[in-house]
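1. Just a sequence and a predicted model for now, questions to come.
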Amino acid sequence: MYKFFISIALFFVFVIGYSQEIDATKNKEIIKDSMVYKTAYGLRLGMDISKPILAAANDSYNSGIEIVVDYRLSKRFFLATEIGFEEHTSKEYYTNSTAKGNYIRLGFNFNAYENWLDMNNEIFVGYRYGFSKFKQTLNSFSSNISDTYFSNTTFTPNTTSDLNAHWSELMVGFKVETLKNIFVSFSASYKILMSVKEPTNFKTLYAPGFNRIFESKTGFGFNYTIAYTIPFVKK
């Protein structure tokens, strides 16, 4: 009889111990599953470092600077803008002209990348509306008619101010958080010119922010930026 009761007691001890072990495992899994990795929401400020590199490497690109800003609205959506200045000289077969002015691009980015745990990277698509206000100077003009009149004519540079251009662009790119709140980004864009104001008796060959204007009214651009996020809250 004693052996029977001892066996029953040992059985209950085993069952209770096993049940407690299962409960402990479940609690650990619940705690692990309930861990929330919060991401910084704030204003991200940066600069396109490809502009000064292009100015140093290309004698047609005289100067340029671009400030990039975005603000995180939700897990995947960002308001975004770029503000910049460019001066570019277009060297054609018979003409030489310089466009100089400011531009702004406004739009949004959508992050299509699903981050792991506390990662904060992006593979994004975006849209921008662009507006540029600039002036263009016709530096020189030469004719293919070789007669005495044209060969002896001195050309005076002519500047047309208050020119503008409007365009839309689609973007794709990626952002990588290399250090805490510091991001390196690359993006490429396809631009569609909506309208451009032309100078009298000449064409607008380059619009700051849009780049070279071709007959197709389309163009391409790229950005290589470094930015820092000023965190306001974490969600």
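-> Perfect, thanks for sending it. Keep in mind that what you see is a predicted model, and the values were worked out from it rather than measured. Residues are numbered from 1 along each chain as shown.
2. going forward, measure contacts between C-alpha atoms and count neighbours the same way
-> Noted.
3. Following the record's annotation, map out the domains of this protein.
-> Structural domains assigned to the chain are 1-35, 38-234, following automatic domain parsing.
4. Quick one: mean pLDDT for the helix or strand where Asn164 lies?
-> Asn164 belongs to strand 158-179 when assigned by DSSP states H and E. Mean pLDDT, strand 158-179: 95.
5. Ok, stretch 100-117 next?
-> For stretch 100-117, mean pLDDT rounds to 94.
6. Any regions of the chain where pLDDT drops low?
-> Along the chain, the parts satisfying pLDDT under 70 run over 1-37, 143-154.
7. Helices along that one, start to end?
-> All helices of the chain, identified by DSSP state H, fall at 2-33, 50-57, 148-151.
8. Just checking the distance from the strand holding Asn164 to the centre of its chain.
-> 9 Å (Cα atoms, centre = their mean, to the nearest Å).
9. Please, where are all the strands along the chain?
-> In the chain, the strands defined using DSSP state E lie at 40-48, 61-72, 77-91, 95-111, 122-141, 158-179, 182-196, 206-207, 211-212, 218-234.
10. Would you mind finding the most buried of the ones you listed?
-> strand 206-207 (a mean of 26; mean count of other Cα atoms under 10 Å).
11. That one - which strands sit beside it in the sheet, and in what orientation?
-> For strand 206-207, the paired strands and their directions (DSSP bridges) are strand 211-212 (antiparallel).
12. Tell me which residues are up against the partner strand.
-> Leu205, Tyr206, Gly219, Phe220, Gly221 (Cα atoms under 8 Å, 6 or more residues apart in numbering).
13. can you pull the contacts of the residue nearest the centre of the chain?
-> In the chain, the residue lying closest to the centroid (Cα atoms, centre = their mean) is Ser187, at 5.5 Å. Ser187 is in contact with Met171, Val172, Gly173, Phe174, Phe222, Asn223, Tyr224, counting by Cα under 8 Å, 6+ apart.
14. Any figure for the gap between the residue nearest to the fifth one when sequence neighbours are not counted and Tyr224?
-> Spelled out, that is Phe222. Using Cα to Cα, 6 or more residues apart in numbering and skipping residues adjacent in sequence, the residue nearest Phe222 is Ala188, 4.3 Å away. Using Cα to Cα, to the nearest Å, we find Ala188 at a distance of 9 Å from Tyr224.
15. Over to Gly84?
-> Separation of Gly84 from Tyr224 (Cα to Cα): 14 Å.
16. Over to Phe202?
-> Separation of Phe202 from Tyr224 (Cα to Cα): 33 Å.
17. ok, now Gly126?
-> 15 Å.
18. Kindly report the same for Phe174.
-> Per Cα to Cα, Phe174 is found 10 Å from Tyr224.
19. Show me whatever sits in contact with both of the two.
-> Both Phe174 and Tyr224 are in contact with Ser185, Phe186, Ser187, where contact means Cα under 8 Å, 6+ apart.
20. Present those residues as CSV; the columns should include distance to Ala40.
-> Converted to CSV, these look like this (distance: Cα to Cα, whole Å):
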residue, distance to Ala40
Ser185, 18
Phe186, 21
Ser187, 22
